[in-house]
Each structure stands twice: as structure tokens, then as C-alpha cells.
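predicted structure and sequence below. I'll ask about it afterward.
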Amino acid sequence: DQQVKQNSPSLSVQEGRISILNCDYTNSMFDYFLWYKKYPAEGPTFLISISSIKDKNEDGRFTVFLNKSAKHLSLHIVPSQPGDSAVYFCAATLNAGNMLTFGGGTRLMVKP
Amino acid sequence: EPEVTQTPSHQVTQMGQEVILRCVPISNHLYFYWYRQILGQKVEFLVSFYNNEISEKSEIFDDQFSVERPDGSNFTLKIRSTKLEDSAMYFCASRSGLPPYEQYFGPGTRLTVT
């Protein structure tokens, strides 16, 4: 089952630069998308979400973009900080709030 | 800030034994979930629970699994007869009944079946 895919297992970025994490999905019925950050030995921490009726949502340094025609979403972190180093998961849901379907995660490393 | 808590943080059990994983969701939340992550794999949905009943479950959640909300604060996952392949991190999550619909996760219980 590959309904949500994150094709880049890792990403390395210099502190202060932009981090762009990508996610693709196959199920056009997904109507709500979320990004989570996860540190080792901790649970996923919610970052930002977007409804399928929008194409952009911004919260501080984090912006999520949704391209429904391409079934693609991305998370932009600007500026990146060393504390942002973690694994980032995108997730999608049908009927917003139901079970989450997760991507495989992208490990972000922000170098000082 | 309110958070989801889970106990124990690590549980070691022998194959065939019963285990109960415990969660205390955020107090005013109405929807409760269990997910698991086998080492090196994706986070996978197990079950959702609302209004004292299961609202959705995955293929993983077979007859060996059960959930319960025994009182107003705890939410438990029971595995009746553990198998080696049940070894994973188990995450509890909860959300309120209102938008936005993000689910808040606990720190997880690492279950090791030997």
C-alpha cells in the first residue's frame, strides 16, 4: 500500500536556508493533509495541516503547499534551524479526522 | 500544554502472553487512535475509537487485538496472545471533535516480544 509516498529518505540543508520536503499521494479522495515531526524515541509531533480546499497554509517558519492536480504536497521550512533536524512525515486522511495514512518519512539534517 | 501520555515506555513479553498498553488521551478529546511502527517501516493505523465504540479498524487489528476505555481518562490496547511480529512502537493519539483535525500523539510504548 503506497497511497502516500515520500520519495526522499533524507535531506541535508545548511542552517538559515530553505528546507523543502515533498510528499505524493495517489488517492484523490484524501481531503486533509498533515505534517508531523518525529525525534527518536518520541511520538510524532503535529506541525501543520492543510485542507484540500486550500492550496497553501502558513504557520511561522512552516508553509505547506498543496497541488491537487499533481497529487503533491510540500513542506517549506524557512529559515531552517539545527533544531529542525528530525524525521518528517506527511499524512493524509479521508473525511478529515479519520485514520491517518502516513508516508515513509524524510530525515532532515540541518547543518550549523 | 496538554499532552497524551502512554505507559509503559517499554514492555518486554514472551510470545503467547497477553499485554495491555495504556494511554491517557488529552482530557477534552473525543476521538482516540492506536498506531504502530515496526522498526524501519511506516507508521500504520490500527484502530479508531469514538463514543465508546470502534469506528474504524485496519486489517492488522484482528481478533487478537482489543481496545477499551474503562473509565473517563484511560484508553487501552490489549493484545491477547503476542507474536514475534507484534514487536513495534505503539502510539496512542487523540483529537478533539472540532476542526482543525490534527491528531496528537503520545510518546509511544516499545513492545518487544521474545
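Yes, it's here. Numbers count the residues shown, from 1 in each chain, chains lettered A, B, ... in the order given.

how about the closest residue to residue B:80 other than its chain neighbours, phi and psi?
Using C-beta to C-beta, 6 or more residues apart in numbering or on different chains and skipping residues adjacent in sequence, the residue nearest residue B:80 is residue B:64, 5.0 Å away. Yep, even glycine has a C-beta here, placed from its N, CA and C like the rest. Reported as degrees, to the nearest 10, the phi and psi values for residue B:64 are phi -80, psi -20.

repeat that for residue A:83.
Main-chain torsions, residue A:83, degrees, to the nearest 10: phi -70, psi -10.

same question, residue A:84
With angles defined as degrees, to the nearest 10, residue A:84 sits at phi -80, psi -10.

quick revisit: show me what contacts the residue nearest to residue B:80?
B:79, B:80, B:81, B:83 (C-beta atoms under 8 Å, 6 or more residues apart in numbering or on different chains).

and it, how close does it get to residue B:10?
Distance of residue B:64 to residue B:10, given as C-beta to C-beta, to the nearest Å: 21 Å.

same question, residue A:61
Separation of residue A:61 from residue B:10 (C-beta to C-beta): 34 Å.

which of these two has more neighbours?
When residue A:61 is set against residue B:10 and neighbours are counted by other C-beta atoms under 10 Å in any protein chain shown, the residue ahead is residue A:61, at 14 against 11.

surely that one touches residue A:75?
No. With contact defined as C-beta atoms under 8 Å, residue A:61 and residue A:75 do not form a contacting pair (10.5 Å).

what backbone torsions are found at residue A:28?
According to degrees, to the nearest 10, residue A:28 has phi -70, psi -10.

contact partners for the closest residue in space to it that isn't next to it in sequence?
Nearest in space to residue A:28, with sequence neighbours left out and distances taken as C-beta to C-beta, 6+ apart, is residue A:71 at 6.7 Å. Neighbouring residues of residue A:71 by C-beta under 8 Å, 6+ apart: A:24, A:25, A:26, A:28.

residue A:58 now?
Contact partners of residue A:58, counting by C-beta under 8 Å, 6+ apart, are residue A:64.

how about residue A:107?
Residue A:107 touches A:9, A:10, A:11, A:86, A:87, A:88, counting by C-beta under 8 Å, 6+ apart.

ok, so of the contacts of residue B:64, who is nearest chain A?
Using C-beta to the nearest C-beta, residue B:79 is the member of these that lies nearest chain A, at 19.1 Å.

tell me the contacts of the nearest residue to the closest one once chain neighbours are set aside?
Closest residue to residue B:79 apart from its sequence neighbours, by C-beta to C-beta, 6+ apart: residue B:19 at 5.1 Å. The neighbourhood of residue B:19, defined by C-beta under 8 Å, 6+ apart, consists of B:11, B:13, B:78, B:79, B:82, B:111.

any chance of a markdown table for those, columns neighbour count?
Supplementary listing: the contacts of residue B:19 in a markdown table, determined by neighbours: other C-beta atoms under 10 Å in any protein chain shown:
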| residue | neighbour count |
| --- | --- |
| B:11 | 16 |
| B:13 | 16 |
| B:78 | 14 |
| B:79 | 19 |
| B:82 | 21 |
| B:111 | 21 |
